[in-house]
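S.K.: Predicted structure and sequence below. I'll ask about it afterward.
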Amino acid sequence: MYVVGTPIGHLGELSARAIGALRAADLIACEDTRETARLARHLGLRGQLVAVHEHNERSGAERLIAALRDGRCVALVSDAGTPAVSDPGAKVVRAVQDAGFRVVPVSGPSAAVVALSASGLLDAQFRFVGFLPPKSSARRHALEALREQDCALVFYEAPHRIVECVADIAAVMQPERELVVARELTKLFEQIVRMPLSEASAWLQADANHQRGEFVLLLSGPPQQGEGLDAATLRTLELLLDEMPPSRAVKLAQAITGAPRKLLYAHAMACAGEAPADDDSLG
Ligand code: SAM
């Protein structure tokens with residue numbers, strides 16, 4: 001069975017190998033037959049479209065396995081992008097492998113990786129989170145569990161939840177982090193904007209178009225302890241922290257070293273094992 005990645009927008013993303021696999025298929029398992037019918041028309045596919053979605057993955061898999069036993073060629077696609085990545089497909093792949101058939105990936109785009117490639121984020125590692133819970137309280141809870149992960153985070157989000165999702169990310173995550181909004185990737189109105197997390201909600205509100213389409217959100221990793229401060233500044237601050245409360249230590253360290261107050265404060269809070277509060281609290 002071929003697992004075929006299909007375009008997330010621009011049809012030119014279909015590889016020659018993907019087209020070959022889809023043309024060879026007698027049976028094409030897809031999420032929504034209407035969606036894949038458009039691709040089938042575009043490519044002139046002859047294979048029969050079979051709906052295999054999250055509600056019938058088990059019975060659908062049985063049907064595909066029966067076809068494979070008959071010596072027929074089977075392909076698996078999702079509506080867009082790579083099957084089994086925030087999409088159905090994983091259970092079908094496993095069932096087909098367990099039945100003794102080979103599963104061959106035919107790589108294509110996945111919105112997360114496409115977004116990462118043009119995000120401008122410098123993190124060496126990322127964690128693919130996919131969709132966060134739809135309700136705000138559960139979403140904040142999930143974000144809190146991710147807050148200290150030492151890597152960039154990649155989220156999928158639907159347009160009707162984008163504003164509240166970004167508000168929750170801004171409420172839970174460290175304000176020094178950068179957010180990249182990648183919308184409508186590979187499509188006519190593609191937009192990839194990197195901004196300080198603290199400015200992201202205002203950016204979304206600034207133009208109704210900013211809230212339209214399909215979204216990947218990427219968040220840079222958390223600030224490292226002492227990030228942006230040289231060794232002499234760190235030593236000065238730490239000596240002062242041993243002698244006085246953090247707000248006073250930060251004030252004096254700023255006067256002595258000239259380093260930015262925000263970075264000094266973040267380091268002071270990290271030393272105290274706390275999250276930085278609103279910068280205004282420094283007085
Ligand atoms: N399996 C797919 C993949 O590999 O990209 C993802 C399927 S998931 C159900 C759909 C989500 O992917 C959308 O809600 C959006 O977050 C993201 N997505 C898909 N296409 C996109 C695009 N062209 N631009 C931005 N995000 C996209």
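M.R.: Received the coordinates, thanks. Please read all numbers here as calculations on a predicted model, not as lab measurements.

S.K.: ok, now which ones touch the one residue in the chain that gets nearest to the ligand?
M.R.: Per C-beta to the nearest ligand atom, residue 81 is where the chain lies closest to the ligand, at 2.5 Å. Any C-beta I mention is one placed from the backbone N, CA and C, and that applies to glycine too. Shown here is residue 81, whose contacts under the criterion C-beta atoms under 8 Å, 6 or more residues apart in numbering are 5-8, 87, 108-111.

S.K.: Report the buried members of these.
M.R.: Buried subset of those (neighbour count, 16 or more other C-beta atoms under 10 Å): 5-8, 87, 108-111.

S.K.: Closest to residue 40 out of those residues?
M.R.: Nearest to residue 40, judged by C-beta to C-beta, of the buried ones among the contacts of residue 81 is residue 6 at 10.9 Å.

S.K.: For that closest one, which residues are in contact?
M.R.: 14, 18, 39, 77-78, 80-81, 108.

S.K.: Among those residues, which pair sits farthest apart?
M.R.: For the contacts of residue 6, the maximum inter-member distance is 14.0 Å, found between 14 and 78 (C-beta to C-beta).

S.K.: Among the two, which residue is more densely surrounded?
M.R.: residue 78 (25 against 19; other C-beta atoms under 10 Å).

S.K.: For that one, which three-state class applies?
M.R.: When states are read from DSSP: H, G, I helix; E, B strand; the rest coil, the local structure at residue 78 comes out as coil.

S.K.: Next one: it from residue 132, what distance?
M.R.: From residue 78 over to residue 132 the distance is 20 Å, taken as C-beta to C-beta, to the nearest Å.

S.K.: residue ranges of the strands in the chain, please?
M.R.: Secondary structure of the chain (DSSP state E): strands at 2-4, 27-30, 48-51, 74-76, 104-106, 126-131, 152-157, 178-183, 191-196, 215-219.

S.K.: ok, which stretches of this protein are helices?
M.R.: For the chain, the helices identified by DSSP state H occupy 16-24, 33-43, 57-69, 90-98, 111-117, 136-146, 162-172, 200-205, 231-243, 246-257, 261-271, in order along the chain.

S.K.: and the chain, which of its residues are near the ligand?
M.R.: Within reach of the ligand by C-beta under 6 Å from any ligand atom, the chain has these residues: 8-9, 78, 80-82, 85-87, 110-111, 156-158, 182-187, 214-216.
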